[in-house]
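Trainee: sharing a model that was predicted from the sequence below.
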Amino acid sequence: MNQYHIYEAIGRGKYSTVYKGRKKKTIEYYAIKSVDKSQRSKVHQEVRTLHTLDHSNVLRFHTWYETSAHLWLVLEYCVGGDLLTLLLFTFSRIPER
């Protein structure tokens, strides 16, 4: 993970945390997901699935790394937050009739 600067956490789950990150010596930002190694089989399934998908509405998988305690997934970073937050904001602004 020495190729990336890790910034603030932008999401959390039971076994993982997603950070905003930047590749060193570039201005490219990524979502960097740190997952507990106990979830290795689930991570492998996620990587296999993301690797096969190529669609503008699906986060692009870039690479992964393994450290002594975690598996790290490097994913496309989407500005503006997660889909649930966007949907809640959008639907809260629809006027009632």
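Mentor: Perfect, I can see it now. For clarity, every value in this text was computed on a predicted model and none was experimentally measured.

Trainee: can we go C-alpha only for contacts and neighbour counts from here?
Mentor: Noted.

Trainee: what packs against the strand or helix carrying residue 42?
Mentor: Secondary structure assignment for residue 42, by DSSP states H and E: helix 40-52. Here helix 40-52 touches strand 61-66, going by 3 or more Cα pairs under 8 Å, 6 or more residues apart in numbering; DSSP states H and E.

Trainee: show me what contacts residue 20?
Mentor: 6-10, 29-32, 77 (Cα atoms under 8 Å, 6 or more residues apart in numbering).

Trainee: tell me, how many residues neighbour residue 23?
Mentor: As a burial measure, residue 23 scores 15 neighbours (other Cα atoms under 10 Å).

Trainee: I should have written residue 78 there, sorry.
Mentor: 13.

Trainee: how about it, secondary structure?
Mentor: Three-state call for residue 78 (DSSP: H, G, I helix; E, B strand; the rest coil): coil.

Trainee: tell me the confidence at it?
Mentor: On pLDDT, residue 78 comes in at 87.

Trainee: in the chain, where is pLDDT below threshold?
Mentor: Applying pLDDT under 70 to the chain flags residues 93-97.

Trainee: hmm, try it at 90
Mentor: 1-2, 50-59, 78-97 (pLDDT under 90).

Trainee: quick check, central residue of it?
Mentor: residue 31 (4.1 Å; Cα atoms, centre = their mean).

Trainee: so where do the strands sit in the chain?
Mentor: Taking DSSP state E, the strands of the chain run over residues 4-12, 16-23, 29-36, 61-66, 70-76.
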